[in-house]
Every structure is written in structure tokens, then in C-alpha cells.
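Chemist: structure for this input, please:
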Amino acid sequence: ATLPGLLRRAEVLSLHCPLEAETRGMIGAAELALLPKGAILVHTARGGIVDQEALLAALDSGQVSWAGVDVFAKEPLAADSRFRTHPRVVPTPHLAANTPRGAAGMACGAAESIVAVLAGRLPALEGAVVVPGGLPAPLLPAA
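Modeler: Numbers count the residues shown, from 1 in each chain. Okay, the predicted model is just below:
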């Protein structure tokens, strides 16, 4: 299926994708217009994937009836943002891992990655180490 084809059938659109070059601005005015009138948007992926102004316009027109938004292009959300006061928006803070289990998982994953890198290995999770310019040559996989 294509994205336009999926959007035309999606009464509820829930986004779960990383923010990358091909997903930045992926849902804008044109895509929101493809949704069935009155659709619901749940956005818990990454800020920058949905054009926030286009979403507000779609909510104002009734094209989108409700939106649950957990991520914004700029966080924290500005005090005067319409997302805080719009009658058909449920804004939530971006706290996906803010649970005891989530915090423990992030801490363990970070510690395991540090131990692996100090031992000269790649971290267990691909991309877990953020180093300006990439990983040092001794840690890069053989080509």
C-alpha cells in the first residue's frame, strides 16, 4: 500500500516512526486532507513528522476531529501554544520511558553500551553511541 492509499482509509492515524530525512514533514496539509473527514490523529513518534500548523488548521476545519499529541517540533511546548488550549487536542508530555521499568531499561542499556565500547566492542544497540563524526575507526565494523 502507498501512504496516500492508507491515509484515505485511516479513520485513526497513529504514527510510530523515527524522524529521518524521509519522514520529516511526512504528514502535512495534503496528507491530512486525504484522511476521511473527522479522522483522529495520535502522534507519539517524533516532533517534525507532522506539520503542526497544518494539524491545527485540519482540527479547526473539522477535517481532523481529535488529536492526541505527545511530541512537538520544539519541546518543551511553549506556554502560549495553541496545542495547550485547543478544545480537540489532548497534549501530553513526551514521557514514554518515564516509568520505573522504562527508566531501568534505559539505564541498563546505557551502562551495557558503555561497558561494550570501553572493551573495544560496538554497543549492543545499533546507534546507541552518539559520537561527533561517528565511531572511532577501531570500533567500526570491518568493511
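Chemist: my guess is residue 57 meets residue 29, correct?
Modeler: Yes. Residue 57 lies in contact with residue 29 (C-beta atoms under 8 Å); the separation is 6.7 Å. Backbone N, C-alpha and C define where each C-beta goes, glycine included.
Chemist: next SSE after the host helix or strand of residue 55?
Modeler: Using DSSP states H and E, residue 55 sits within helix 52-61. Sequence-wise, the next helix or strand downstream of helix 52-61 (DSSP H and E) is strand 64-69.
Chemist: quick one: contacts of that next one?
Modeler: Strand 64-69 is contacted from outside by 32, 35, 38-44, 50, 55, 58-59, 83, 88-92, using C-beta atoms under 8 Å, 6 or more residues apart in numbering.
Chemist: thinking again about what came up before, now the angle from the helix holding residue 55 to strand 64-69?
Modeler: 140 degrees (axes from the mean of the first three to the mean of the last three C-alpha atoms, to 10 degrees).
Chemist: quick one: list the elements packing against helix 52-61.
Modeler: helix 29-34, strand 64-69, helix 82-85 (3 or more C-beta pairs under 8 Å, 6 or more residues apart in numbering; DSSP states H and E).
Chemist: closest one to residue 105 among the ones you listed?
Modeler: Residue 105 lies closest to strand 64-69 among those, at 23.7 Å (C-beta to C-beta).
Chemist: burial count for residue 34?
Modeler: 18 (other C-beta atoms under 10 Å).
Chemist: can you tell me how far residue 3 sits from residue 94?
Modeler: Noted for residue 3: a distance of 24 Å to residue 94, by C-beta to C-beta, to the nearest Å.
Chemist: who has more neighbours out of those two?
Modeler: Neighbours per residue, other C-beta under 10 Å: of residue 3 and residue 94, the larger number sits with residue 94, 16 against 12.
Chemist: residues in contact with the more buried one?
Modeler: 70, 71, 72, 75.
Chemist: contacts for stretch 26-36?
Modeler: So stretch 26-36 is contacted by 3-4, 7-11, 13, 15, 17, 41, 49-51, 54-55, 57-58, 63-64 (C-beta under 8 Å, 6+ apart).
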